[in-house]
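K.L.:
Generate a structure from the sequence data that follows.
(one chain, ligands or ions: 1)
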Amino acid sequence: MSGTFLGTPAFPAAARAALEDSQLRRNLAHATSTIRTKRGNVVGEVDDWEQLRLAGEAIKNRVLRHLPDYLEQLERSLTAAGATVHWARDAAEANAVVVDIARRHGTDEVVKVKSMATQEIDLNSALEAAGIHAWETDLAELIVQLGDDLPSHILVPAIHRNRAEIREIFLREMGRAGRAAPADLTDEPARLAAAAREHLREKFLRAKVAVSGANFAVAETGTLTVVESEGNGRMCLTLPEVLVSVVGIEKVLPTFQDLDVMLQLLPRSSTGERMNPYTSTWTGVTPGDGPQEVHVVLLDNGRTDVLADPTGRQALRCIRCSACLNVCPVYERTGGHAYGSVYPGPIGAILTPQLRGVGTDPQTDSLPYASSLCGACFEVCPVRIDIPEVLVHLRAEVVDAHRKASRVPSVQDVAMKAASWTLSSAARTGAAERVAGIGGKLAGRLGRTAPGGRSILGAVPGPASAWSDSRDVPVPAAESFREWWTRTDGGRSRSDNTDGGRSRSDNTDGGRRNGDGA
Ligand code: SF4
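P.N.:
All right, here's what the predicted structure looks like:
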């Protein structure tokens, strides 16, 4: 599959660069906190929100358990409704289908509804290579496309841009792609939206072929659904003669009743609205109304591999609401580009490595580590994907993949084996604690005090620097817990007069005081 931005460095390097961009951090902090507040308000109105989440999880789990059956039912329903179904194993097959349809209609342009699936397969590049231009019509996608930029958020692809930057892009680029922006354009949202509307209108009216994704596909009726805010999607879905929808195979829902649950969960979780302004549904071809030729490309592109993993498959429940991005402390500071993939943030950190496979690409392998494992993503996920669980699972897979690929044990392997040997014997553990205590006394004099009063070491040299570069390394306790226990009879003896009876596990002074005073 594609879906990774070519040439992007691994997450730690990309994140470091992003953190230096203070404008980016301001834009992100403003945008994510606004959406977080809106989401919190509308979710708080729903008394049975947790039951809705459980229902969403149960529906998606049922889909995943019986995926082949529901997909075949969906194909039958779509065909009966006059649509043509195509199956695509990977990005190349899906792109070839769309290019072929556009060519058969003799067009050199298509209009597009915002779609993560088509970004994942890099459809625009495939169309461009065939001499067909793909016009993005979602406002944020238009900003990204005109700015020759990359999307950085699932829902708000241009979240990293502020109004002044958008105005500049419109003034500079719109004229090259069609109708120019008015020369007196300001950065007022209404003026920017009006300029985009004028620019896009001629494309909607001209295009013969439209390309979309789908948020959901109902198996019992063959109905596809697109949920959006601007109405640009509705224009694409209704005006052109031909409509091609690229749909990930996990988007299927068994019944219309299941769609009811999802349409309560999705808008509240994504835009923080009770209901989004435009929900378009269509079922094959309706004579005399809307596109008279409808194609649906059912896309695998690594999804069946994800399905085969009992822990990782929960990522396929994702309804792309982006709530996990908006609460993630890592995403809020680095932005989406640092993840180097079409799916950024917490969901990207578990979905991209699974779709691409781990063990071959350093950038992909870095993604499961792009998290503090705080768990905020799980708390907000409307379909209860336990993202931290999958992150830890994938970290183990990355380590295993590299262990298998290399005959030379890594520093981490050696360190873990040494720790295992030491900790499996009380005598060896005691000896190690005494050595650490001596080191702690010495290091305590050299360390520095971190906020909160803990004594920490600075950068550690050698291979251990990989650890200390991004974490505070505490000064080892001068006295181990077992030594303290023996000396004080478990805290009952008066000889424990150095720290008021606190054990050394409560190591607020890094062991210096006890070590010095003992
Ligand atoms: S993982 Fe959950 S919270 Fe994140 S985008 Fe998917 S559905 Fe939304």
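K.L.:
Grab the nearest non-local neighbour of residue 356.
P.N.:
residue 364 (5.0 Å; CB to CB, 6 or more residues apart in numbering). For every residue, glycine as well, the C-beta is placed using N, CA and C.
K.L.:
what packs against the helix or strand harbouring that neighbour?
P.N.:
Element membership for residue 364 (DSSP states H and E) is helix 362-366. Other elements packing on helix 362-366 under the criterion 3 or more CB pairs under 8 Å, 6 or more residues apart in numbering; DSSP states H and E are helix 11-19, helix 345-356, helix 387-405.
K.L.:
Need the mean per-residue confidence for whichever helix or strand comes after that helix.
P.N.:
Helices and strands here follow DSSP H and E; after helix 362-366, the next one along the chain is helix 376-380. For helix 376-380, the mean per-residue pLDDT is 98.
K.L.:
before we move on, back to that, contacts for the helix holding residue 364?
P.N.:
With contact meaning CB atoms under 8 Å, 6 or more residues apart in numbering, helix 362-366 is reached by 4, 8-12, 340-341, 352-353, 356-359, 398, 401-402.
K.L.:
And stretch 163-181, by the same measure?
P.N.:
Outside of stretch 163-181, the residues within contact range by CB under 8 Å, 6+ apart are 135, 143, 146-147, 158, 161, 183, 185-189, 192, 195-196, 198-199, 202-203.
K.L.:
buried stuff in it?
P.N.:
Of all the residues in stretch 163-181, those buried under the rule 16 or more other CB atoms under 10 Å are 165, 166, 167, 169, 170, 171, 173, 174, 180, 181.
K.L.:
So, low pLDDT: which residues of the chain?
P.N.:
Across the chain, residues meeting the criterion (pLDDT under 70) sit at 1-7, 494-518.
K.L.:
How is it partitioned into domains?
P.N.:
Each domain of the chain is listed here as a residue range: 11-306, 433-491, per the TED database.
K.L.:
Redo these as TSV? Include distance to residue 328.
P.N.:
Below are these laid out as TSV (distance: least, CB to CB, whole Å):
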stretch	distance to residue 328
domain 11-306	8
domain 433-491	17
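K.L.:
so which of these is the most packed in?
P.N.:
domain 11-306 (a mean of 19; mean count of other CB atoms under 10 Å).
K.L.:
got the end-to-end distance for that one?
P.N.:
According to CA to CA, to the nearest Å, domain 11-306 extends 22 Å from its N-terminal end residue to its C-terminal end residue.
K.L.:
same thing with stretch 328-348?
P.N.:
When the termini of stretch 328-348 are compared using CA to CA, they are 12 Å apart.
K.L.:
Equivalent analysis for stretch 99-109, please.
P.N.:
Using CA to CA, the distance between the terminal residues of stretch 99-109 is 10 Å.
K.L.:
still on that earlier bit, what is the nearest of the buried residues of stretch 163-181 to the ligand?
P.N.:
When those are compared for distance to the ligand (CB to the nearest ligand atom), residue 166 wins out at 24.3 Å.
K.L.:
element containing the closest one?
P.N.:
Per DSSP H and E: residue 166 is located in helix 163-177.
K.L.:
downstream neighbour of that helix in the secondary structure list?
P.N.:
In the C-terminal direction, the helix or strand that comes right after helix 163-177 (DSSP H and E) is helix 189-206.
K.L.:
which ones are touching residue 182?
P.N.:
residue 195.
K.L.:
run the last query once more with 6 Å
P.N.:
By CB atoms under 6 Å, 6 or more residues apart in numbering, the contact list for residue 182 is empty.
K.L.:
May I have the phi/psi pair for it?
P.N.:
Residue 182 has phi and psi values of phi -60, psi 140 when expressed as degrees, to the nearest 10.
K.L.:
For this protein, which residues are neighbours of the ligand?
P.N.:
Within the chain, the positions lying close to the ligand (CB under 6 Å from any ligand atom) are 269, 318-324, 347, 380-383, 385.
K.L.:
hmm, try it at 8 Å
P.N.:
Taking CB under 8 Å from any ligand atom as the criterion, the neighbours of the ligand within the chain are 154, 269-270, 315, 317-325, 345-347, 350, 377, 380-383, 385, 387.
K.L.:
Neighbours of the residue nearest to residue 356, how many?
P.N.:
Residue 364 has 24 neighbours, counted by other CB atoms under 10 Å.
K.L.:
got it, and the one 5 residues further on?
P.N.:
Residues contacting residue 369 under the criterion other CB under 10 Å number 16.
K.L.:
measure it to the ligand for me?
P.N.:
Residue 369 sits 18 Å away from the ligand, taking CB to the nearest ligand atom, to the nearest Å as the criterion.
K.L.:
Please shift the residue numbers so they start at 54 in all later answers.
P.N.:
Let's use 54 as the start, then, which means that last one is residue 422.
K.L.:
sec struct for residue 140, please.
P.N.:
strand (DSSP: H, G, I helix; E, B strand; the rest coil).
K.L.:
check contacts around it.
P.N.:
In this structure, residue 140 makes contact with residue 351, judged by CB under 6 Å, 6+ apart.
K.L.:
switch to 8 Å and redo it
P.N.:
By CB under 8 Å, 6+ apart, residue 140 lies in contact with 146, 350, 351, 353.
K.L.:
Doesn't the third one lie inside a strand?
P.N.:
Read that as residue 351. Yes. Per three-state DSSP, residue 351 lies within a strand segment.
K.L.:
Report the closest residue of the stretch 454-571 of the chain relative to the ligand.
P.N.:
Among the residues of the stretch 454-571 of the chain, residue 454 lies nearest to the ligand; the distance is 23.6 Å by CB to the nearest ligand atom.
K.L.:
correct me, but that residue touches residue 411?
P.N.:
Yes. With contact defined as CB atoms under 8 Å, residue 454 and residue 411 form a contacting pair (5.2 Å).
K.L.:
Looking at those two, which one has more neighbours?
P.N.:
In terms of neighbours (other CB under 10 Å), residue 411 is the more surrounded of residue 454 and residue 411; the figures are 20 against 15.
K.L.:
CA atoms only: put the helix holding residue 417 into CSV for me.
P.N.:
Written as CSV, here are the backbone C-alpha positions of helix 415-419 (Å, rounded to 0.1, in the frame of the first residue of the first chain):
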residue,chain,number,x,y,z
PRO,A,415,12.1,2.8,10.1
GLN,A,416,9.4,5.5,9.7
THR,A,417,6.6,3.0,10.0
ASP,A,418,8.3,1.2,12.9
SER,A,419,8.6,4.4,14.8
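K.L.:
Return the members of the contacts of helix 415-419 classed as buried.
P.N.:
The buried subset of the contacts of helix 415-419 - by 16+ other CB under 10 Å - is 57, 61, 63, 64, 393, 394, 405, 406, 409, 411, 412, 451.
K.L.:
contacting residues around the third one?
P.N.:
It stands for residue 63. Residues in contact with residue 63, defined by CB under 8 Å, 6+ apart, are 393, 415, 416, 418, 419.
K.L.:
The third one: neighbour count?
P.N.:
Here the count is done by other CB under 10 Å, and residue 416 has 22 residues near it.
K.L.:
what's the answer for the fourth one, then?
P.N.:
Residues contacting residue 418 under the criterion other CB under 10 Å number 23.
K.L.:
just the second one next, same as before
P.N.:
Using other CB under 10 Å, residue 415 has 10 neighbouring residues.
K.L.:
Minimum distance to the ligand, which residue of the stretch 104-253 of the chain gives it?
P.N.:
Taking CB to the nearest ligand atom, the ligand has its nearest neighbour within the stretch 104-253 of the chain at residue 207, 6.1 Å off.
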